[in-house]
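Trainee: Structure for this input, please:
(one chain, ligands or ions: 1)
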Amino acid sequence: MSNMSLNAIEQNQGAAPQHEIVLLNQVVEEKSTGLRFAIPSLGQFATGFLLRFNGQLYAYVNQCAHIPIELDWNQGDFLDSSKQFIVCATHGAHYLPESGQCVIGPCKGKQLKQLHVTEKMTECGNEITILID
Ligand code: FES
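Mentor: Okay, here's the model as predicted:
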């Protein structure tokens, strides 16, 4: 059974404070269901998500660049049927998983808000750290 912890730690790095979200022992499988997480510093209901694409972990704020609503109609379903694009369930915008750039749809050329993410293995499992600024 997986164990999740959430830490919001303010860091004094320059003018804008950053918050750090740490997720422990979470499995994010290749081109599979995205892992959603809360981002309380962006609002009561704000969420982000993690995807693994070509072995790399990516994190985004879960908000379409067209209209600021969540991308996934079914929670965690962020990829299209070909598993090549992040897709918005509302009007079908398609985003590149590596950059968050919209390449098809009403917000073509705009970007999802990408979050810096790192992953390391510890003796207790993996540790995923996401920076929110
Ligand atoms: S709300 Fe996402 S494409 Fe319109």
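
Trainee: Now do the same for residue 6: its pLDDT.
Mentor: The model reports residue 6 with a pLDDT of 45.

Trainee: now do residue 13
Mentor: So residue 13 comes in at 44 (pLDDT).

Trainee: mind listing the strands in this structure by residue range?
Mentor: Using DSSP state E, the strands assigned to the chain run over residues 9-11, 18-24, 35-38, 47-53, 56-61, 86-87, 94-95, 102-104, 114-122, 125-132.

Trainee: Tell me which of the ones you listed sits most buried.
Mentor: Each of the strands of the chain was scored by mean neighbour count; the highest is strand 86-87, a mean of 24, by mean count of other Cβ atoms under 10 Å. For every residue, glycine as well, the C-beta is placed using N, CA and C.

Trainee: And the contacts of that strand?
Mentor: 51, 60, 71, 78-80, 93-97, 100, 112 (Cβ atoms under 8 Å, 6 or more residues apart in numbering).

Trainee: returning to what we had before: compare the strands of the chain and give me the one nearest residue 67.
Mentor: Nearest to residue 67, of all the strands of the chain, is strand 102-104, at 12.4 Å by Cβ to Cβ.

Trainee: Show me how far that closest one is from its chain's centre.
Mentor: Remark: strand 102-104 is offset 18 Å from the chain centroid, using Cα atoms, centre = their mean, to the nearest Å.

Trainee: before we move on, what about stretch 124-131?
Mentor: Counting by Cα atoms, centre = their mean, stretch 124-131 comes out at 14 Å from the chain centroid.

Trainee: Over to stretch 110-124?
Mentor: For stretch 110-124, the distance to the chain centre is 8 Å (Cα atoms, centre = their mean).

Trainee: got the residues of the chain near the ligand?
Mentor: Residues of the chain lying near the ligand by Cβ under 6 Å from any ligand atom: 64, 66-67, 69, 88, 90-93, 105-106.

Trainee: are any of the residues you listed buried, and which?
Mentor: 64, 66, 88, 93, 105 (16 or more other Cβ atoms under 10 Å).

Trainee: My guess is the second one contacts residue 105. True?
Mentor: Right, residue 66. Yes: here residue 66 reaches residue 105: they are 6.9 Å apart, a contact under Cβ atoms under 8 Å.
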